[in-house]
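Asker: Model the following, please.
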Amino acid sequence: MIIAIDFDGTIVEHKYPQMGRPIPFAIETLLQLQKENHKLILWTVREDELLQEAIDYCAERGLIFYANNANYPEETAPKPRKLGVDMFIDDRNLGGLPDWGVIYKAVQATARGESSFQVIMSAQETQQERNKRKKNIFLRIGEALDAR
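Answerer: Numbering: from 1, shown residues only. Predicted coordinates:
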């Protein structure tokens, strides 16, 4: 698959034009997807020096994109309005940026021909159920302490 990935708010926290802190597991997940022969394109609002800063940030961590703000490495001006990709990973998605574990599962499901939206929603529901159980545990501990 060909996957376009945003930088600010997706790989690093959104601090544009500054460099945000790394988002946990973003680089590791993208490296794993690359090992599985997916083509990754950096698709960002960053241009010129700011784009090079993002490219360098990722390269220092071992992540080299197939292309940057283009459909393929040799593509030059004019810049494409749209990319011919199979999937976009962006913090501006409807519903925001899912956890990178969920993103990985969605990519795998899409590669198998399954509906990535259904996978994402079921994974998020599972995480919500886990969070609810965690809260219940803490509530129970608090109730037990209050009962003393």
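
Asker: Test my guess that R46 contacts Y57.
Answerer: No. Using CB atoms under 8 Å, R46 is not in contact with Y57; the gap is 10.4 Å. (Each C-beta comes from the backbone N, C-alpha and C, glycine too.)

Asker: So between the two, which is more surrounded?
Answerer: R46 (20 against 16; other CB atoms under 10 Å).

Asker: so is E49 in a helix, a strand, or just coil?
Answerer: Here E49 is recorded as helix under DSSP: H, G, I helix; E, B strand; the rest coil.

Asker: Any figure for the gap between it and M19?
Answerer: According to CB to CB, to the nearest Å, E49 and M19 sit 12 Å apart.

Asker: what do you get for D91?
Answerer: 15 Å.

Asker: do the same with L33
Answerer: For L33 relative to M19 (CB to CB), the value is 22 Å.

Asker: What of L30?
Answerer: 17 Å.

Asker: the more surrounded of those two?
Answerer: L30 (27 against 15).

Asker: element containing that one, please.
Answerer: helix 26-35 (DSSP states H and E).

Asker: got it, and G113?
Answerer: Here G113 is assigned to no helix or strand, by DSSP H and E.

Asker: quick one: the strands in the protein?
Answerer: 2-5, 39-42, 67-68, 87-89 (DSSP state E).

Asker: Which strands and helices lie in contact with the last one?
Answerer: Of the remaining helices and strands, those touching strand 87-89 by 3 or more CB pairs under 8 Å, 6 or more residues apart in numbering; DSSP states H and E are strand 2-5, helix 100-111.

Asker: how about it: buried residues?
Answerer: For strand 87-89, the neighbour count (16 or more other CB atoms under 10 Å) marks 87, 89 as buried.

Asker: now do the second one
Answerer: Within strand 39-42, the residues scored as buried using 16+ other CB under 10 Å are 39-42.

Asker: Would you list the strands that that strand pairs with, along with their directions?
Answerer: Strand 39-42 pairs in its sheet with strand 2-5 (parallel), strand 67-68 (parallel), by DSSP bridges.

Asker: swap in the last one?
Answerer: Strand 87-89 has these partner strands in its sheet, going by DSSP bridges: strand 2-5 (parallel).

Asker: Any chance you could list what contacts the partner strand?
Answerer: The contact list for strand 2-5 (CB atoms under 8 Å, 6 or more residues apart in numbering) reads 11, 30, 33, 38-43, 65-66, 83-90, 107.
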